[in-house]
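A.B. asks: give me the fold of what follows.
(one chain, ligands or ions: 1)
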Amino acid sequence: MSIQATERLENSMSDGVLIVGEDLCAEVVSRKAAFDAVEAVFGAMASDDAYNFPVIREAIGYADALYGFKSGFDRAGKALGLKSGGYWPGNAEKGLTNHQSTIFLFDPDTGLLRALVGGNYLTAIRTAASSSVSIAHLAREESKVLGMVGAGHQSTFQLRAAAERRAFEKVVAWNPHPEMLPRLAAEAEALGLAFEAVSPEELGAEADVIITITSAFEPLLMKDWIKPGTHIACMGTDTKGKQEVDPALLAGATVFTDEIAQSITIGEAQHAVQAGLLAEAEITPIGAVINGDHPGRRSDAEITVFDGTGVGLQDLAVASVAAAQAEQTGTAVRVTL
Ligand code: NAD
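C.D. replies: The predicted structure is shown next:
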């Protein structure tokens, strides 16, 4: 978010709480704005200008729901707040999205609630921005083939954001549930990219960049299937026990993450670390690359892995953009508490 936008948001909030609904978020937060906001907050995290508070996530013993909070403070972007929500498996039957979340932004100077922002669209766009930031900083420039593992709700957002980072010519995809692939194929075709459904082995042999975005609890991609020089963004593993790739793949790669504490506990690296194949000290925050403190990829043969675990500060960053844009365009509702 620009400094002017931040100031506008700060000044306006004295008049009440801005309510920014889901549809409005989708209208006012572009992929570019999300990319810029997520890249900036990853940089701020690496320079200790922003930090995430411990995550709360509980099975509430009702409606099979998982509910929790992700919160933090970005001193550089002046974003203080939390995302609250979780997963309600019975929602689909009610015509609702299973993942539900809402973002609360507070004034860091006064503690006043500044904005209440729908978090569902923003979660998708900030997660896509995260892998996209990793591709921008770590993938080989001449990458031509994008490999997609996963074809659920997040996958189309991931595909669209990735397609803006390199001149991809083709998408190869595999999903444990092949019947879900046509939606991803349609998205690729809408972007003018050739699309081929392949086996996971073929995907590893062809892809220059791979995004994994599934709910898997076991490795879907093995080390020997991946060719030298590949960049892999592991985006699905965000909980203890989840897993998308072979731990040996991380052991043989240069590993980056959004946040090390999450990477080793709930991210893809949890398994390689537990197995003694990867040390915490070998994992680099992507913000260090963004800030120029780490060179990132060192050779065309190196395999790079980005463990995108998803942090609350990403949500606050894109929610701040949504609130500022909604304020600027006069499209949000305002209430006084
Ligand atoms: P979705 O339910 O729409 O799709 C699920 C995907 O996982 C599909 O591709 C499906 O075929 C696959 N899948 C389901 N069960 C599986 C299993 N047992 N083994 C292997 N694959 C399986 O979900 P979504 O909204 O697209 O989210 C995908 C994943 O991304 C989820 O695990 C979610 O928690 C995670 N996620 C991560 C972040 C982050 O910041 N890292 C943000 C949002 C979502």
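A.B. asks: who's in contact with the closest residue in space to Ala46 that isn't next to it in sequence?
C.D. replies: Among residues not flanking Ala46 along the chain, Gly287 sits closest, at 2.6 Å (C-beta to C-beta, 6 or more residues apart in numbering). (C-beta placed from N, C-alpha, C; glycine too.) Residues in contact with Gly287 (C-beta atoms under 8 Å, 6 or more residues apart in numbering) are Phe42, Gly43, Ala44, Met45, Ala46, Ser47.
A.B. asks: out of the residues you listed, who's nearest the ligand?
C.D. replies: For the contacts of Gly287, the residue nearest the ligand by C-beta to the nearest ligand atom is Phe42; the value is 12.4 Å.
A.B. asks: and the closest one, that one's in a helix?
C.D. replies: Yes - checked against DSSP: H, G, I helix; E, B strand; the rest coil, Phe42 lies within a helix.
A.B. asks: and the chain, which residues reach the ligand?
C.D. replies: Proximity of the chain to the ligand, by C-beta under 6 Å from any ligand atom, involves residues 99, 123, 127, 150-155, 175-177, 180, 213-217, 235-236, 238, 308-310.
A.B. asks: try it again at 8 Å.
C.D. replies: With the criterion set to C-beta under 8 Å from any ligand atom, the chain comes near the ligand through 87, 98-99, 123-124, 126-127, 130, 149-155, 175-177, 180, 213-218, 220, 235-239, 242, 244, 258, 267, 308-311, 314.
A.B. asks: re the thing from before, so the residue nearest to Ala46: helix, strand or coil?
C.D. replies: Assignment for Gly287 (three-state DSSP): helix.
A.B. asks: show the pLDDT at it.
C.D. replies: Listed pLDDT for Gly287 reads 98.
A.B. asks: ok, now Met1?
C.D. replies: 44.
A.B. asks: equivalent analysis for the one 5 residues further on, please.
C.D. replies: At Thr6 the predicted local distance difference test score is 49.
A.B. asks: run a quick neighbour tally on Asp224.
C.D. replies: Neighbour count of Asp224, defined by other C-beta atoms under 10 Å: 11.
A.B. asks: residues contacting it?
C.D. replies: If you count contacts by C-beta under 8 Å, 6+ apart, Asp224 has none.
A.B. asks: tell me how far Gly16 lies from Thr212.
C.D. replies: Distance of Gly16 to Thr212, computed by C-beta to C-beta, to the nearest Å: 42 Å.
A.B. asks: these two: who's more crowded?
C.D. replies: Thr212 (28 against 16).
A.B. asks: for that one, give me phi and psi.
C.D. replies: Thr212 adopts backbone torsions of phi -110, psi 130, taken as degrees, to the nearest 10.
A.B. asks: one step back: now, the residues of the chain next to the ligand that are in helices?
C.D. replies: If you go by DSSP state H, the residues of the chain next to the ligand have Thr123, Ala124, Arg126, Thr127, Ser130, His153, Gln154, Ser155, Gln314 in helices.
A.B. asks: what is the neighbour count of the last one?
C.D. replies: Think Gln314. Around Gln314 there are 30 residues (other C-beta under 10 Å).
A.B. asks: which residues touch the residue lying closest to it once chain neighbours are set aside?
C.D. replies: Ranked by C-beta to C-beta, 6+ apart and with sequence neighbours excluded, the top spatial neighbour of Gln314 is Arg126, at 4.3 Å. Each residue near Arg126 by C-beta under 8 Å, 6+ apart is listed here: Ala34, Ala37, Val38, Gln314, Asp315, Ala317, Val318.
A.B. asks: quick one: the strands in the stretch 51-200 of the chain?
C.D. replies: Applying DSSP state E, counting those that start in this stretch to the stretch 51-200 of the chain gives strands spanning 56-59, 66-74, 79-87, 99-106, 113-118, 145-149, 170-174, 194-197.
A.B. asks: mind putting those strands in a markdown table, mean pLDDT and mean neighbour count included?
C.D. replies: As requested, the strands of the stretch 51-200 of the chain are exported to a markdown table (pLDDT from 0 to 100; neighbours: other C-beta atoms under 10 Å):
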| stretch | mean pLDDT | mean neighbour count |
| --- | --- | --- |
| strand 56-59 | 92 | 12 |
| strand 66-74 | 96 | 20 |
| strand 79-87 | 97 | 23 |
| strand 99-106 | 97 | 21 |
| strand 113-118 | 97 | 24 |
| strand 145-149 | 98 | 26 |
| strand 170-174 | 98 | 23 |
| strand 194-197 | 98 | 16 |
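A.B. asks: of those, which is nearest Ile226?
C.D. replies: Closest to Ile226 of those, according to C-beta to C-beta: strand 145-149, at 9.4 Å.
A.B. asks: I'd like to know which elements that closest one is packed against.
C.D. replies: If you count contacts as 3 or more C-beta pairs under 8 Å, 6 or more residues apart in numbering; DSSP states H and E, strand 145-149 packs onto helix 153-163, strand 170-174, helix 200-206, strand 209-212.
A.B. asks: so which of these is the most surrounded?
C.D. replies: strand 209-212 (a mean of 28; mean count of other C-beta atoms under 10 Å).
A.B. asks: which single one of the contacts of Arg126 is nearest to the ligand?
C.D. replies: Distances from the ligand to those, taken as C-beta to the nearest ligand atom, are shortest for Gln314 (7.2 Å).
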